[in-house]
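1. Quick check, what structure comes out for this input:
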Amino acid sequence: MKIIFAGTPEAAVPTLTSLINSSFDVVAVLTRPDAHQGRKRILTPSPVAQVALDHHIPVIYANRIDDEIQATIDFFNADLGVVVAYGALLPELTLGSLKHGWINLHFSSLPSWRGAAPVQWQLLSGEVMAGSAVFKLVKELDAGDVFDTREWPILPDETSGELLERLSHLGSRQVLDVIDSINSGRAIATTQSGESSYARKLNLEDGHLNLNNDSDVVYNQYRGVTPEPGAFVVVGEERLKILEAFKGGDQIVPPTQIVSIEKKLFLGCSSGSLELITVQPFGKKAMSAMDWFRGLRQEVVHVS
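-> Numbers count the residues shown, from 1 in each chain. Down below sits the predicted model:
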């Protein structure tokens, strides 16, 4: 079976790598164009593009599918399209252009958390199980019939970045199983049922920790927005990014205060606290939270 793979970020790499190492033929890769990365703004291929180039697989660069890109897709005469976090919608013409259509690996149990940020919203919502689903792409957002759904326990201190990495590897095997079933004619796709929820893309303000909530809710918020868009509180008029934190155990700290107790640093919530491990003051490098606190020479730091 000849396959076109569409994906862009690191989370898509395990599935692409599994396909390359399988008996299937990856004839081309569709990905977003090179982007400027880092402080020096160096033009860099996407992680998916780099893997394709390393394996001498033709790469199609596109932010959207126009007539020229569609003609290129048609040229490869693929049987199936596989999508993992491509980052752009495929038009109806593209969806209907391959013999077996296009399938997508989505990191939730559909129809829960349709949209761009399912992993983050599962953590933000305090869920203890994460899902992954392989479904048939249709015009409507994440609404196609589902070939396979699996659930995985969320680890107690797992951040969205860590969970996404784990799911991307678990999901790669899931995709191969579905392709095997399609290739052998055994595949059965089931209509989605139940109440849907929307996982919108997070913005910077979503990372502003709401200390009016108890420590369980604040910790889930921290986990959900780490590493992107990043958790923070405001000290004075500047953001203090919280890069690493844990639940504060039995330590009780007044809300919106940062204090040192027994050589550890705690951030107070409406009830309970978070222990701060690593922080990044605005315009500076990441550092130990205690080193940052000692440098202020204050007994209590008030935050918002």
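
2. what residues are up against residue 147?
-> With contact set as Cβ atoms under 8 Å, 6 or more residues apart in numbering, residue 147 has these partners: 103, 134-136, 178, 181-182, 187-190. C-beta here means a position set from N, CA and C on the backbone, and glycine is covered the same way.

3. Could you check how many residues crowd around residue 50?
-> Using other Cβ atoms under 10 Å, residue 50 is surrounded by 15 other residues.

4. Are any of the contacts of residue 147 buried, and if so which?
-> Buried members of those, counted by 16 or more other Cβ atoms under 10 Å: 103, 134-136, 178, 181-182, 187, 189.

5. Farthest pair within those?
-> Of all pairs drawn from those, the one with the longest distance (Cβ to Cβ) is 135 and 181, at 13.3 Å.

6. Helices of the stretch 151-300 of the chain, residue ranges please.
-> Counting by DSSP state H, counting those that start in this stretch, one finds helices in the stretch 151-300 of the chain at the ranges 160-184, 215-224, 289-296.

7. right, and those - which one's nearest residue 194?
-> When those are compared by Cβ to Cβ, helix 160-184 sits nearest residue 194, at 19.9 Å.

8. Name the residues of that closest one that are buried.
-> Within helix 160-184, the residues that count as buried by 16+ other Cβ under 10 Å are 160-168, 171-172, 174-176, 178-179, 181-182.

9. do the same with stretch 257-271
-> Neighbour-count burial for stretch 257-271 [16+ other Cβ under 10 Å]: 258-260, 264-269.

10. Equivalent analysis for stretch 229-240, please.
-> Counting neighbours by 16+ other Cβ under 10 Å, one finds that the buried residues in stretch 229-240 are 229-233, 235, 239-240.

11. who touches it?
-> Stretch 229-240 is contacted from outside by 202-204, 206-209, 211, 221-222, 225, 241-243, 245, 267, 279-283, 292, 301-304, using Cβ under 8 Å, 6+ apart.

12. how far out from the middle of the chain is it?
-> Its chain's average C-alpha position is 22 Å from that of stretch 229-240, according to Cα atoms, centre = their mean, to the nearest Å.

13. what do you get for stretch 135-144?
-> Computed by Cα atoms, centre = their mean, the separation of stretch 135-144 from the middle of its chain amounts to 19 Å.

14. Just the contacts of residue 147: which are in strands?
-> Of the contacts of residue 147, the ones assigned to strands by DSSP state E are 103, 134-136.

15. Would you mind writing the CA trace of stretch 24-40 as PDB?
-> Only the C-alpha atoms of stretch 24-40 are listed here, as PDB (Å, rounded to 0.1, in the frame of the first residue of the first chain):
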ATOM      1  CA  PHE A  24       4.100   0.000   3.600                       C
ATOM      2  CA  ASP A  25       5.500   2.400   1.100                       C
ATOM      3  CA  VAL A  26       5.700   6.100   2.200                       C
ATOM      4  CA  VAL A  27       5.700   7.800  -1.300                       C
ATOM      5  CA  ALA A  28       5.600  11.400  -0.100                       C
ATOM      6  CA  VAL A  29       5.300  13.600   3.000                       C
ATOM      7  CA  LEU A  30       3.100  16.700   3.300                       C
ATOM      8  CA  THR A  31       4.300  19.200   5.900                       C
ATOM      9  CA  ARG A  32       4.300  22.900   6.700                       C
ATOM     10  CA  PRO A  33       7.100  25.000   5.200                       C
ATOM     11  CA  ASP A  34      10.300  25.700   7.000                       C
ATOM     12  CA  ALA A  35       9.900  28.100   9.900                       C
ATOM     13  CA  HIS A  36      12.300  30.500  11.800                       C
ATOM     14  CA  GLN A  37      13.400  29.000  15.100                       C
ATOM     15  CA  GLY A  38      15.200  30.300  18.100                       C
ATOM     16  CA  ARG A  39      16.500  33.700  19.000                       C
ATOM     17  CA  LYS A  40      18.600  33.800  15.900                       C
END
